[in-house]
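Enquirer: below is the sequence, then the predicted model.
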Amino acid sequence: MLRRLFLCVVIVLQSQWAGAQSLIRDAEIERTLKLVLQPLQKSAGIGGARVDIFILNDRSLNAFVAGGNNIFLNTGLIRKMKNVEMLQAVMGHELAHITQGHQSARAANLASARTASGIGLAIGVAAAAAAGSSGAGVGVIAGLQESVRRSLFAFSRSQESAADRASIRYMKGAGISPQAGVDVLNIFRGQEALTINRQDPYVLTHPLTSERIARMKAAASAFKGAPSKQSPNINYWYARMIVKFNGFIGNPSYNLRRIKKSDKGELQTLARAIAYHRQPKPAKARREIDRLVKMRPKDPYYHELRGQILLESGSAKAAVGSYRRAANLAPKESLILGGLGHAMLAKGSGASVNEALKVLKRAYARDPRDARILRNLAQAYARTGQPGQASVATAERYALQSNFKQAAIHAKRAQGLLPRGTSGWLKAEDIIAIARKFAPKKKK
């Protein structure tokens, strides 16, 4: 019986802002997406339920649900949306697939898709933080042939119709016009006439029909308006999110050319700070981020960004101060705590490393599924003379990334270093068992 681990479908190499098909983790963006989804959840009557939103660094247009109450959004789709209501139309549709129980049908497809592909699915491990942890696992299926992907992810026309009807109710209940849904569908109109390799993944997995468009148009025409349930500052936070996406994914030189030098507005300053950081021009980046911090001194995400810029430009000591300020302003943000722990490790002193271990343990307890936190936690354990715990954390990181061979190697090493029966030893035993079960079978 697995004691502290649970399974989920996962094949994501985690990084903050780099790597093809990687999972982007950013505290501010994740908070913003929760704000975007919040009125739809309340309208659906599941305001208290946990629905996690994950961002794939993929330029194609796609969104889907997988592994339970998990919504996945490609960066390409987010950047294509022209306003927050269009993004809400997409998220409301995916939320409807969850509330309508369409995930159970996909679970039935999973086994057949695995057999049909001949290469199987990568089944990963998300480590729970501590006994009783309710942290949800995350994941996305990748590496499958397109036909298998379609059989696994594609919804039937009846399911699409049901999701459309439900999402229209959710949008109306939140005071959002269904016209946003029409605008989204219009982006994909005509793609069904293209060859499969030219279609956006969203069209492949969400059959687009004239009936769907007609239904959404009718709902938009009938909508007479309703009190908005949006967060008062939703457009502000949405605009900041888009600046971040464009800044870290787009071309920095191009982004700078689009901003007038005389424009000292907040979002323009944010765009310049990111662009200069990526060029890299650290002095200019610091000047811009310092201006942002002065504009909003109690904004934890600007202090976090300042810490990132300082750390990645070689100023670990100063970065610790910025991350510490961010953590004080947002003490429950695991990713900010993880950044603080990373900066403390980079600072290098004995006292700093000991404090880093404490901070990283707190970050891990809040989010055991971030590979960067696990990597830094392993380093902190190693540098404080706890090689067994370092091996456990390393094994968890490899398991999270579906690298079961390395996960098993480090888990066995951990068992050789830790007293039998301790929590770390038992966790290593679970990882070994899962690695044996789901590692790719050798060809006979």
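Expert: Now that the structure is in, tell me what you want to look at.
Enquirer: could you use CA atoms for every contact and neighbour count after this?
Expert: Will do.
Enquirer: helix, strand or coil for Ile55?
Expert: Following DSSP: H, G, I helix; E, B strand; the rest coil, the label given to Ile55 is strand.
Enquirer: distance check, Gln159 against Val51.
Expert: 20 Å (C-alpha to C-alpha, to the nearest Å).
Enquirer: same check, this time on Gly348
Expert: For Gly348 relative to Val51 (C-alpha to C-alpha), the value is 38 Å.
Enquirer: in contact with the residue nearest to the spatial centre of the chain, which residues?
Expert: Closest residue to the average C-alpha location of the chain: Phe54 at 2.9 Å, with C-alpha atoms, centre = their mean. Going by C-alpha atoms under 8 Å, 6 or more residues apart in numbering, Phe54 touches Leu23, Ile24, Arg25, Glu30, Asn70, Ile71, Phe72, Leu73, Val138.
Enquirer: just give the closest residue to Ser322, not the sequence neighbours.
Expert: Nearest-residue entry for Ser322: Gly307, 4.9 Å, with adjacent residues in sequence omitted and distances by C-alpha to C-alpha, 6 or more residues apart in numbering.
Enquirer: right, and that neighbour touches Arg325 too?
Expert: No. Contact criterion C-alpha atoms under 8 Å: Gly307 and Arg325 do not qualify, at 9.4 Å.
Enquirer: among the contacts of Phe54, which are in helices?
Expert: Those of the contacts of Phe54 mapping onto helices are Glu30, per DSSP state H.
Enquirer: in contact with Gly225, which residues are there?
Expert: Lys172, Gly175, Ile176, Ser177.
Enquirer: pretty sure the third one sits against Phe223.
Expert: No. Contact status for Ile176 versus Phe223: not in contact, 9.2 Å apart, counting by C-alpha under 8 Å.
Enquirer: give me the more crowded residue out of Gly307 and Arg325.
Expert: Neighbours per residue (other C-alpha atoms under 10 Å) separate Gly307 from Arg325, with Gly307 holding more: 30 against 22.
Enquirer: give me the pLDDT value at the more buried one.
Expert: For Gly307, the pLDDT comes out at 98.
Enquirer: then Arg189?
Expert: You'll see Arg189 listed with a pLDDT of 80.
Enquirer: do Ala116 as well
Expert: Note on Ala116: pLDDT of 29.
Enquirer: before we move on, the earlier item: and Gly348 and Val51? which has more neighbours close in?
Expert: A count of neighbours by other C-alpha under 10 Å puts Val51 above the other of Gly348 and Val51, at 18 against 14.
Enquirer: what residues are up against that one?
Expert: Residues in contact with Val51, defined by C-alpha under 8 Å, 6+ apart, are Asn69, Asn70, Ile71.
Enquirer: what about the nearest residue to the first one once chain neighbours are set aside, distance to Leu360?
Expert: Using C-alpha to C-alpha, 6+ apart and skipping the chain neighbours, the partner closest in space to Asn69 is Val51 (5.0 Å). Taking C-alpha to C-alpha as the criterion, Val51 is separated from Leu360 by 25 Å.
Enquirer: kindly report the same for Leu23.
Expert: Taken as C-alpha to C-alpha, the span from Leu23 to Leu360 is 20 Å.
Enquirer: Arg79 now?
Expert: 32 Å.
Enquirer: of the two, who's got more company?
Expert: The residue with more neighbours, out of Arg79 and Leu360, is Leu360; 26 against 17, by other C-alpha under 10 Å.
Enquirer: you'd agree the residue nearest to Ser322 is in a helix?
Expert: Yes. Assignment of Gly307 by three-state DSSP places it within a helix.
Enquirer: who's in contact with it?
Expert: By C-alpha under 8 Å, 6+ apart, Gly307 lies in contact with Ala318, Ala319, Val320, Gly321, Ser322, Tyr323, Gly339.
Enquirer: hmm, back to that, give me the more crowded residue out of Ile176 and Phe223.
Expert: Using other C-alpha under 10 Å as the criterion, Ile176 and Phe223 rank with Ile176 on top: 27 against 16.
Enquirer: so what's the more buried one up against?
Expert: Contacts for Ile176 (C-alpha under 8 Å, 6+ apart) come out as Glu85, Gly225, Ala226, Ser228.
Enquirer: can you select the buried ones among those for me in PyMOL?
Expert: PyMOL command restricting these to the buried ones, with burial defined by 16 or more other C-alpha atoms under 10 Å:
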select buried, resi 85
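Enquirer: quick one: the helices in the stretch 151-300 of the chain, in order.
Expert: With helices called from DSSP state H, counting those that start in this stretch, the stretch 151-300 of the chain shows them at 157-173, 179-188, 201-205, 210-222, 234-249, 252-257, 266-278, 282-295, 300-312.
Enquirer: next, format those helices as a markdown table and append distance to Leu329.
Expert: Shown next, in a markdown table, are the helices of the stretch 151-300 of the chain (distance: least, C-alpha to C-alpha, whole Å):
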| stretch | distance to Leu329 |
| --- | --- |
| helix 157-173 | 33 |
| helix 179-188 | 35 |
| helix 201-205 | 38 |
| helix 210-222 | 41 |
| helix 234-249 | 17 |
| helix 252-257 | 29 |
| helix 266-278 | 19 |
| helix 282-295 | 13 |
| helix 300-312 | 5 |
